[in-house]
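Enquirer: Kindly return the folded structure for what I paste below:
(one chain, ligands or ions: 1)
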Amino acid sequence: MLELRNVNAYYGNIHALRDVSLTIDSGEVITLIGANGAGKSTTLMAICGIMPVRSGEILFRGEPIQALRPENIVSLGICQVPEGRHIFSELSVRENLDMGAFLRRDTANIKRDIDHVYSLFPILEQRHNQPGGNLSGGEQQMLAISRALMARPQLLLLDEPSMGLAPLVIKQIFSIIQRINQESDTTVFLVEQNANQALRIANRGYVIENGGIVLSDDGDKLLDNPDVQKAYLGI
Ligand code: ATP
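Expert: The predicted structure is shown next:
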C-alpha cells in the first residue's frame, strides 16, 4: 500500500531522514519505534506532504505522492493523528468530528460514520456538546483518532498516541487501534516511544536511530530481540 524508497529530508543543515526505506501492506499494523529525536515524526510528516522530501520516493498504491499537497494526500485516503492531538479546543466534540469530514462530499454517510466513532468511543457521544478543550488527555486522544476516522482513511498514521496518558487509558487506546484495524479494514502506521505496547499489536516493526532504519522484523520477534529489549524495553 505504501512504500518509502531511500527517503532523505532535512531541517536546514540537519539531515533528519537518511535513506529511509520501508513498506506497509494493506491490512497491516506497522510500528516505527525509536528514541526522542530519532526521526519518527519527520517520517510521518514526509508521508503527509508536510515535510519536503529532498530525494527518494514515497509511493501510495504504486503512485508517487511526495510532490503532492497535504490536502491531496488526505483525499487519497492517508490521514494523520498528530503528536499532541491538536484538537480544536474551542469547538465541541461533534464540531471536531465534522471538521474531520471536511473534504468529504458524501454527506449522507457522514452521520453513519459519526455513529460508528461513537460506538468505538461511547464517552465522546456523552460529551458531544462539550468543547474539546474540556476533555481529559485520554478523551482528547480518542477525539483526535475519531476525527481522523471521519476522513475515512485507508491508511491511518498515528504519532505517539500513548504520550502523556495513564497506563489504563493507553491499554484502552491500543485495543481500539487494533479494533479499527480489524473491523474497519484500516491499515495502521503507528509511531511510538512506547515500544512494548506498540510491538504487541504490530504485525511488523521498524527501528529508527539518528534518522535511519537500523532494524526491521515481525513485531513478536522484535519483542524478543535482545538489542531491542535493552534499548527500548528496559529489560
Ligand atoms: P520525538 O519522539 O521527540 O517526537 P522523533 O523521533 O519524532 O522524536 P523528530 O521530531 O522527527 O524525532 O526529529 C528528528 C530530528 O530532527 C531531531 O534531531 C530533531 O531535533 C530535528 N527536528 C525536528 N523538528 C525540527 C525543526 N522544526 N527544526 C529543526 N530541527 C528539527
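Enquirer: Quick one: classify the one residue sitting closest to the centre of the chain as helix, strand or coil.
Expert: The centre of the chain sits closest to Leu158, judged by Cα atoms, centre = their mean, with a distance of 1.5 Å. Secondary structure, DSSP: H, G, I helix; E, B strand; the rest coil: Leu158 is strand.
Enquirer: which parts of the longest helix along the chain are buried?
Expert: Counting residues, the longest helix in the chain under DSSP state H turns out to be helix 167-183. Across helix 167-183, burial judged by 16 or more other Cβ atoms under 10 Å covers 169-170, 172-174, 176-177, 180-181. Glycine gets a C-beta too; all of them are placed from N, C-alpha and C.
Enquirer: List, out of those residues, those positioned next to the ligand.
Expert: Near the ligand, judged by Cβ under 6 Å from any ligand atom, there are no entries from the buried residues of helix 167-183.
Enquirer: and the nearest residue in space to Arg69 that is not next to it in sequence, how far is that from Gln66?
Expert: Nearest residue to Arg69 in three dimensions, chain neighbours excluded: Gly49, at 6.0 Å (Cβ to Cβ, 6 or more residues apart in numbering). Separation of Gly49 from Gln66 (Cβ to Cβ, to the nearest Å): 8 Å.
Enquirer: what does the chain have sitting close to the ligand?
Expert: Taking Cβ under 6 Å from any ligand atom, the part of the chain that reaches the ligand is made up of 11, 14, 16, 34, 36-42, 83, 193.
Enquirer: Give the buried subset of those residues as a ChimeraX selection command.
Expert: Selection of the buried residues among these in ChimeraX, burial being defined by 16+ other Cβ under 10 Å:
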select :16,34,38,39,40,41,42,83
